[in-house]
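Novice: the following comprises the amino acid sequence and a computationally predicted model.
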Amino acid sequence: QVQLVETGGGLVQAGDSRRLACAATGLTFRDYTMAWFRQAPGQHREMVAAINGIGGDTYYSVSVVGRFTISRDNTKNTMYLLMNSLKPEDTAVYSCAADLANVIETIKDADYDYWGKGTQVTVSS
């Protein structure tokens, strides 16, 4: 059974940094493109960042490029999201997702195969 478990959320102040982690079990981690999505209240879920199976290719949404860094450690079956210079508009539930693909082929949440339950990140002004 595949499980994705996010950790690292919490309440931070604007300008702070935070690192999220997504631990995966039940799958061959390196075979999956991994991504972070977020959903704020009343908003659609959007992809924040993605990384391919070997970690050589990444994608960032315009809203986070230059502030967030996605990475993965295939020896630990874990993906990370380092969030710097956080803004109140970054407040959302952040979820990790896995797509059985060697490349970042989609930014659509419907195309991802497995999901974590999410972790809340709240940025106060």
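Specialist: Nice, I can see it.
Novice: beta partners of the nearest residue to W115 once chain neighbours are set aside?
Specialist: Leaving aside its sequence neighbours, W115 sits nearest to A97 (C-beta to C-beta, 6 or more residues apart in numbering; 5.1 Å). (Each C-beta comes from the backbone N, C-alpha and C, glycine too.) Beta-bridge partners of A97, counted by DSSP bridges, are A35, W115.
Novice: distance check, A97 against D113.
Specialist: 8 Å (C-beta to C-beta, to the nearest Å).
Novice: tell me which residues touch the residue most central in space within the chain, please.
Specialist: Nearest to the mean C-alpha position of the chain, by C-alpha atoms, centre = their mean, lies W36 at 2.0 Å. The contact partners of W36, by C-beta atoms under 8 Å, 6 or more residues apart in numbering, come to 20, 22, 47-50, 70, 79, 81, 94-97.
Novice: let me know the pLDDT of it.
Specialist: W36 is assigned 98 on the pLDDT scale.
Novice: and it, how far is that from A92?
Specialist: Applying C-beta to C-beta to W36 and A92 gives a distance of 10 Å.
Novice: need the pLDDT of T106.
Specialist: With respect to pLDDT, T106 has a value of 84.
Novice: quick one, phi psi at D16?
Specialist: phi -70, psi 170 (degrees, to the nearest 10).
Novice: tell me how far it lies from W36.
Specialist: 18 Å.
Novice: got it, and G56?
Specialist: 18 Å.
Novice: one more: V5?
Specialist: Using C-beta to C-beta, we find V5 at a distance of 14 Å from W36.
Novice: quick revisit: quick check: which element contains the closest residue in space to the residue nearest to the centre of the chain that isn't next to it in sequence?
Specialist: Using C-beta to C-beta, 6+ apart and skipping the chain neighbours, the partner closest in space to W36 is V48 (4.5 Å). Taking DSSP states H and E as the definition, V48 sits inside strand 46-51.
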